[in-house]
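Colleague: The following block contains a protein sequence and its predicted model.
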Amino acid sequence: MAKMWQGIVWSLTFCLVGLAGFGLGNNLAGYEGYTKYTVQHGDESAFKYMVDLQTNDSELDFWLLTRNSSVLTVSPKRKNQFEARLSSLGVSYEMQPLMELMAALKANSSYAEDDFDGEYEECQQGDCEEAERPRRRTRRQARGFFSHYPRYHEVLSFMSGLAARYPQYCRYESLGHSNEGRHIAALSISLNSRVRPRRVAYIQAATHGREWITTQTVLYLAYELLSNLRAFTRVLQDVEIFLVPLVNPDGYEYTHTTDRFWRKNRHRYGGHSCSGVDINRNFGNHWNYQGASQNLCSEVYSGTSPNSEPETSAVVRYLEFNRHRVKLSLDVHSFGKFIFYPYGYAKNTVPPTVGTLRSVALRAANQIGRYRGTRYTTGTSASILYEASGSLDDFAYGNLGIPLSYTIELPGDEFHVPAHDIIHVCKETFAGFIEFIRHVSLY
């Protein structure tokens, strides 16, 4: 009886949350009956089995895959077969109904409507004679902005607002357009927006649509730098910070409207039911070599050729044009608490400057940990997770010679960080960003 009432409560909770939070465009439609698994790999055979599943099985969706454990969701029709295989491998695992998990997360993701009115209004020149009043309003609006997950148009509004408020220090730009025609918007921040500094720190986020928290951390970096320019004058000395908060705007928007766990871009192929390319397998360094697939339905489908996607080619164009100025390339992902440096395409391949790459990663991890004790693991993705080719960090370092090239995986136990924790992830990650940027001046 108790279990029955518990099930009724969960169902009612999810229905109420769905009506309040998801609206008509339910981004969890189709996930009824799915199960989330946390699997502890007993040995190398279990790990290899999981890698094979990630590459080739479209009925399973991996949220995290390391050499020791996996977090994934499984469709109802594959559930029994998957559990039987886990039993034969002798591995331990925990499971949770996906809808139950999402209901709990969504119920914990409300935010104060009074703090954010859906639009980030910047104070225009001549409208702000009382300095403290607009500053307090702006700070209050910012707190609201970083207590929820904005839609695409909100992100662009926030970015253009910053550029309008700080025209001497910030430019609003576009790298190009996505598959569906959305701007891949960027912010350039420096001490003088009319002069191009000798060094660039390039930071991008939301390569994978479902990783919402990544966009907020990059926007928070822009906001804090511009709000406290005097404090960061030394960091910005002869350095341009170039930020792309939404590399995959189509995938990001699709996760809000249709499929919360969509990973790839929205490239459609005529005559095929499956769509999308994994942008982080599409860069032209050892393309499709390891950890990628030519199965169009795979979550790690690498595309038809290196840099084939408009999102990838937009990033490549910018980096190639500025290759002699860009000293830092940082790709922000979620989740796992990792900082990766090259190379990811092969486990036993290390770059000649691995000592420097490791040292800077450890310093950044240490700065992040000072906020509330979050501990990051550093190393190559091939050694900590699995071998995967076609990533930005390998391309930036191996093809363009960008000396500091990293991927950071933010904290969390799933993609949906609770609303009350967004600001804390932003603040601790900000400290890591600043540490990375400090090292740009050494080159």
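Modeller: That came through, no problem.

Colleague: Okay, now the unreliable bits of this protein?
Modeller: Within the chain, the segments meeting pLDDT under 70 span 1-25, 107-143, 193.

Colleague: which residue is nearest the middle of it?
Modeller: residue 333 (3.2 Å; C-alpha atoms, centre = their mean).

Colleague: how close does that one get to residue 306?
Modeller: Distance of residue 333 to residue 306, given as C-beta to C-beta, to the nearest Å: 20 Å. For the C-beta atoms, the positions are set from N, CA and C on the backbone; glycine is no exception.

Colleague: Let me know whether residue 431 touches residue 372 as I believe.
Modeller: No. Using C-beta atoms under 8 Å, residue 431 is not in contact with residue 372, being 10.5 Å away.

Colleague: Tell me which of the two has more neighbours.
Modeller: Higher neighbour count among residue 431 and residue 372: residue 431, with 15 against 11, using other C-beta atoms under 10 Å.

Colleague: Can you name the residues that contact that one?
Modeller: Applying C-beta atoms under 8 Å, 6 or more residues apart in numbering to residue 431 gives the contacts 367-368, 370-371.

Colleague: In helices, which of those residues appear?
Modeller: Those of the contacts of residue 431 mapping onto helices are 367-368, 370-371, per DSSP state H.

Colleague: any idea which of those residues is closest to residue 185?
Modeller: Lowest distance from residue 185 to these (C-beta to C-beta) belongs to residue 368, with 26.0 Å.

Colleague: Nearest spatial neighbour of that closest one, chain-adjacent residues omitted?
Modeller: residue 432 (4.2 Å; C-beta to C-beta, 6 or more residues apart in numbering).

Colleague: Counting neighbours, what do you get for that neighbour?
Modeller: Neighbour count for residue 432, taken as other C-beta under 10 Å: 28.

Colleague: circling back to that earlier point, next, the residue nearest to the centre of the chain: secondary structure please.
Modeller: Secondary structure for residue 333, judged by DSSP: H, G, I helix; E, B strand; the rest coil, is strand.

Colleague: one step back: can you redo the contacts of residue 431 as a markdown table with neighbour count and distance to residue 170?
Modeller: Below are these laid out as a markdown table (neighbours: other C-beta atoms under 10 Å; distance: C-beta to C-beta, whole Å):
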| residue | neighbour count | distance to residue 170 |
| --- | --- | --- |
| 367 | 19 | 24 |
| 368 | 27 | 25 |
| 370 | 11 | 27 |
| 371 | 15 | 25 |
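
Colleague: and residue 328, backbone torsions?
Modeller: The phi/psi pair for residue 328 (degrees, to the nearest 10) reads phi -130, psi 130.

Colleague: Quick check: it vs residue 30, distance?
Modeller: Remark: distance between residue 328 and residue 30 (C-beta to C-beta) = 39 Å.

Colleague: ok, these two, which is more surrounded?
Modeller: Neighbour count, other C-beta under 10 Å: between residue 328 and residue 30, residue 328 has more, with 26 against 11.

Colleague: so what's the more buried one up against?
Modeller: By C-beta under 8 Å, 6+ apart, the residues touching residue 328 are 200-203, 402, 404-406, 436-437, 439-440.

Colleague: can we see that at 7 Å?
Modeller: 201-202, 404, 436-437, 440 (C-beta atoms under 7 Å, 6 or more residues apart in numbering).

Colleague: And for residue 380?
Modeller: The neighbourhood of residue 380, defined by C-beta under 7 Å, 6+ apart, consists of 340-344.

Colleague: For the residue lying closest to the residue nearest to the centre of the chain once chain neighbours are set aside, which three-state class applies?
Modeller: Counting by C-beta to C-beta, 6+ apart, residue 333 lies nearest to residue 409, which is 5.0 Å off, once chain neighbours are set aside. At residue 409 the chain is in strand, as set by three-state DSSP.
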